[in-house]
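> Just the structure for this:
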Amino acid sequence: MSIYEGYIHFRNPERITSPVLSLGVLALSALFEGASLSIGYRAFKRTTRRYPDGDSVKLWQFIKLSKDPNLYESLLEDSAGVLLILTLVAIARATQSLIAGESVVPALLGPRSILVTLTVERGGRTSESQLENSLAQLTEKLKAVDERISYVYFDFGSDDGDHSSA
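Residues are numbered from 1 along each chain as shown. From the prediction side, this is the model:
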């Protein structure tokens with residue numbers, strides 16, 4: 001059922017009505033994940049102190065020696081969750097200015113291919129054929145600047161999600 005719901009929402013996305021609520025849920029999730037990791041790590045340390053030789057035991061050694069997977073499974077799962085959260089925060093910080101509308105350096109699609117994306121505001125008196133000719137000329141001029149420019153995408157910024165490309 002959840003796969004179906006995910007598919008339906010993916011095909012027909014809805015606008016976010018309350019980003020504060022979504023961010024609050026994510027913040028609470030990060031808090032709980034961090035608390036669970038902290039508790040699991042303390043339990044791991046307590047358990048490894050009971051080993052006879054008294055040396056510190058590495059996590060991988062503990063996994064090999066342990067007969068009960070509950071602790072290290074929980075510890076690994078929480079570590080992965082915290083790592084994912086930290087990665088997402090780093091990506092969000094790096095792309096924050098893009099959300100605010102900062103221009104972007106053209107995207108490299110590989111060593112020999114560049115995608116250029118432009119937001120275009122259509123003038124009210126421009127006919128469809130004039131617009132097509134102008135965009136085709138602009139595309140050719142951009143491609144003449146750098147031979148690696150393979151794709152030029154024009155976003156007309158319409159609210160209905162209609163995007164055209166040349």
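> Run the chain-centre distance for the helix or strand in which residue 70 is found.
Taking DSSP states H and E as the criterion, residue 70 maps to helix 69-99. Here helix 69-99 shows a centroid-to-chain-centroid distance of 11 Å under the convention Cα atoms, centre = their mean, to the nearest Å.
> Could I get the average pLDDT for it?
For helix 69-99, mean pLDDT rounds to 82.
> Could you list the buried residues of it?
71, 72, 74, 75, 78, 81, 82, 85 (16 or more other Cβ atoms under 10 Å). From N, CA and C alone the C-beta is placed, and that goes for glycine too.
> hey, which helix or strand in the protein has the poorest pLDDT?
Every helix and strand in the chain was compared by mean pLDDT, DSSP states H and E; the lowest is strand 164-165, with a mean of 46.
> hmm, back to that, for residue 123, state which of the buried residues of helix 69-99 is nearest.
In terms of Cβ to Cβ, no member of the buried residues of helix 69-99 lies closer to residue 123 than residue 85, at 45.1 Å.
> Helix or strand: which one has the nearest residue to that closest one once chain neighbours are set aside?
In space, and not counting its chain neighbours, residue 85 is closest to residue 30: 4.9 Å by Cβ to Cβ, 6 or more residues apart in numbering. If you go by DSSP H and E, residue 30 is part of helix 19-49.
> With only the CA atoms kept, save the helix or strand encompassing residue 6 in CSV.
Under the criterion of DSSP H and E, residue 6 resides in helix 2-11. C-alpha atoms of helix 2-11 as CSV (Å, rounded to 0.1, in the frame of the first residue of the first chain):
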residue,chain,number,x,y,z
SER,A,2,2.8,2.4,0.8
ILE,A,3,4.5,1.8,-2.5
TYR,A,4,1.2,2.6,-4.3
GLU,A,5,0.8,5.8,-2.2
GLY,A,6,4.4,6.8,-3.0
TYR,A,7,3.8,6.3,-6.7
ILE,A,8,0.6,8.3,-6.7
HIS,A,9,2.2,11.2,-4.8
PHE,A,10,5.2,11.0,-7.1
ARG,A,11,3.0,11.2,-10.2
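> got the buried residues for that helix?
Buried residues in helix 2-11, counted by 16+ other Cβ under 10 Å: none are found.
> what's it in contact with?
The contact list for helix 2-11, computed with Cβ atoms under 8 Å, 6 or more residues apart in numbering, is empty.
> and it, how far from the chain's centre?
Mean C-alpha position of helix 2-11 versus that of the full chain (Cα atoms, centre = their mean) differs by 19 Å.
> Output the contacting helices and strands for the helix or strand following the helix holding residue 30.
Following helix 19-49 in sequence order, the next helix or strand is helix 59-65 (DSSP H and E). Packing partners of helix 59-65 (3 or more Cβ pairs under 8 Å, 6 or more residues apart in numbering; DSSP states H and E): helix 19-49, helix 69-99.
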